[in-house]
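Q: Next one to model:
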Amino acid sequence: MGDINLLYDRFKSKMESVSGECYRAKTSAEAQKLISQLLQEKGIHSVAMVNSPLARSCDLAHFLSENGITLHMDHYQEVTPLVDAGITEMKWAIAELGTLVQYAEDVNERLCSSFTPIHFALVRTSALIPTLPEALSVIHREPQIPGFVGFITGPSRTSDIERVLTIGVHGPGELIAIFVDDSVEEGK
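A: Next comes the predicted model:
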């Protein structure tokens with residue numbers, strides 16, 4: 001699997017080269033504080049969030065609500081076009097590409113990661129995979145591959161409009177990956 005610190009450094013470098021932001025927290029509590037700081041810096045007042053194992057480990061629902069953030073955890077189709085940001089959990093991260101891998105059978109997860117202007121992607125640091133071939137091998141070994149596997153590399157970008165690179169036209173204008181080191185139980 002490789003040294004996790006080297007994998008993280010490689011991922012961060014690749015993600016930042018495509019205009020993404022990347023942070024690492026040692027604990028869930030540290031991740032909570034980091035997310036709060038980033039929300040405040042970016043002037044975010046409303047969030048659509050999928051209540052994933054990592055979000056629960058960080059106690060984000062309670063923490064965000066207690067800190068004045070309007071939190072939506074249902075009716076995603078109605079709220080995602082209106083909120084300031086979305087928070088989801090990624091299954092893996094591919095270091096060589098700076099790419100996040102999203103398992104999102106539930107359309108609500110895709111709405112929170114695709115239809116919000118800023119996407120906060122939570123990922124366990126232990127979920128870093130060195131290369132794309134290794135990631136495809138890991139996916140292939142899954143007991144069942146879900147109906148949707150997404151590969152996310154940086155904020156949405158297109159050059160369709162008069163060949164000028166434009167960020168955020170077909171999805172989030174900002175992508176922020178937050179890696180959390182401490183272990184998280186799947187069922188938590």
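Q: For the residue sitting nearest the centre point of the chain, give me phi and psi.
A: Centroid check for the chain by CA atoms, centre = their mean gives Ala121 as the closest residue, at 1.2 Å. Note on Ala121: backbone dihedrals following degrees, to the nearest 10 are phi -110, psi 110.
Q: where's it relative to Asp3, distance?
A: 22 Å (CB to CB, to the nearest Å). C-betas here are computed from N, CA, C, even on glycine.
Q: Point out where the protein drops to low pLDDT.
A: Applying pLDDT under 70 to the chain picks out residues 1-2, 154-172, 183-188.
Q: how about the helices in it?
A: Remark: helices assigned in the chain by DSSP state H are 4-17, 28-41, 53-57, 60-66, 76-79, 107-114, 132-140.
Q: For Gly86, which of these is the nearest?
A: The closest of the helices of the chain to Gly86 is helix 107-114. By CB to CB, the value is 3.6 Å.
Q: about what we covered before: spit out the contact partners of the residue nearest to the centre of the chain.
A: By CB atoms under 8 Å, 6 or more residues apart in numbering, the contact set of Ala121 is Thr88, Glu89, Met90, Leu100, Gln102, Ser113, Ile152, Leu175, Ile176, Ala177, Ile178.
Q: likewise Pro81?
A: Phe115.
Q: Equivalent analysis for Ile145, please.
A: Contact partners of Ile145, counting by CB under 8 Å, 6+ apart, are Ile139.
Q: Closest one to Arg24 out of the contacts of Ala121, please.
A: When those are ranked by distance to Arg24 (CB to CB), Ile178 comes first, at 7.6 Å.
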